[in-house]
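J.: I need the structure of the sequence given here:
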Amino acid sequence: MIGVVLAGGASSRFSGQPKGLVPLAGKPLASHVSQVLAGFCEQVMIEAATGVGYESLGLPLCPSLPAYAGKGPLAGIAAGLAAFDGDELVAFAPCDMPLLKVEVYEVLRASCLDAAGAYARTSAGAEPLVCILRAKVLPGIVDALRLAELPRTHLVLDACGARAVDFADKRVFRNINAPADLELLER
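T.: Numbering: from 1, shown residues only. Predicted coordinates for the structure are as follows:
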């Protein structure tokens, strides 16, 4: 299985600094996430544009297509899936969830045995960027990216045949949206 860290966002709340490169406990957020995926995947890639700084992490980049610029994380998911064929499983994680655990991906993989994929859901709602998808769902993702109004990510995954998997512990899905979130987590 291949892992993809989704890091292609605009990082507007971090003054344009790539969010995944912001340090937490002395290492970039994306490194925390890539280590989780590395504990479960044969290879880990970063979905981000070249020249932004993610090359410093020493992982291959898979940038989203320019045609999908501004289309959010679905464009990143499409970039990760496009690198593989058919029934290959691809695990995704957003660069701003440093508390994720390998166990989450083990549960998601077990839920993929008879489905096109699986994504996390907690009592706080869907966490569709924490998912494992079969590469064959790419056409459905691309169809959604072509729409004038982009549907919510979990609805696109549902339409592609992925299933939501409930997790009781929502703390592992805590994401860093702003500098204040980072400061709170570091305390």
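
J.: what are the ranges of the helices in this structure?
T.: 29-38, 73-82, 102-111, 138-145, 153-159, 179-186 (DSSP state H).

J.: and the second one, average pLDDT?
T.: Mean per-residue pLDDT for helix 73-82: 94.

J.: how about that helix: buried residues?
T.: 73-82 (16 or more other CB atoms under 10 Å). Where you see a C-beta, it was placed from the backbone N, CA and C, and this is true even at glycine.

J.: Then the fifth one?
T.: Residues of helix 153-159 classed as buried by neighbour count (16+ other CB under 10 Å): 153-154, 156-158.

J.: Please name every helix or strand in contact with it.
T.: For helix 153-159, the elements it packs on are helix 73-82, strand 117-122, strand 125-134, helix 138-145, judged by 3 or more CB pairs under 8 Å, 6 or more residues apart in numbering; DSSP states H and E.

J.: now those as TSV including distance to residue 165?
T.: As requested, the helices and strands packed on helix 153-159 are exported to TSV (distance: least, CB to CB, whole Å):
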stretch	distance to residue 165
helix 73-82	17
strand 117-122	5
strand 125-134	9
helix 138-145	19
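
J.: Between the ones you listed, which one is closest to residue 187.
T.: strand 117-122 (22.8 Å; CB to CB).

J.: Now do the end-to-end distance for stretch 69-87.
T.: Terminal residues of stretch 69-87 lie 27 Å apart, using CA to CA, to the nearest Å.

J.: Could you pull up the contacting residues of residue 2?
T.: 41-45, 80, 83-84, 88-91 (CB atoms under 8 Å, 6 or more residues apart in numbering).

J.: rerun at 7 Å
T.: 41-43, 45, 84, 90 (CB atoms under 7 Å, 6 or more residues apart in numbering).

J.: Could you measure from residue 50 over to residue 139?
T.: 26 Å (CB to CB, to the nearest Å).

J.: Repeat that for residue 174.
T.: 33 Å.

J.: neighbour count winner among the two?
T.: Using other CB atoms under 10 Å, the more surrounded residue of residue 174 and residue 139 is residue 174, with 16 against 11.

J.: The more buried one is in contact with residue 98, isn't it?
T.: No - contact criterion CB atoms under 7 Å: residue 174 and residue 98 do not qualify, at 8.3 Å.

J.: before we move on, the earlier item: most neighbours, which of the contacts of residue 2?
T.: Top of the contacts of residue 2 by neighbour count (other CB under 10 Å): residue 90, with 24 neighbours.

J.: Isn't that residue up against residue 135?
T.: Yes - Residue 90 is within contact range of residue 135, at 6.1 Å (criterion: CB under 7 Å).

J.: For those two, list the residues in contact with both.
T.: By CB under 7 Å, 6+ apart, residue 90 and residue 135 have these common neighbours: 81, 84.

J.: what residue ranges in this protein score low on pLDDT?
T.: The chain contains residues with pLDDT under 70 at 10-15, 86.
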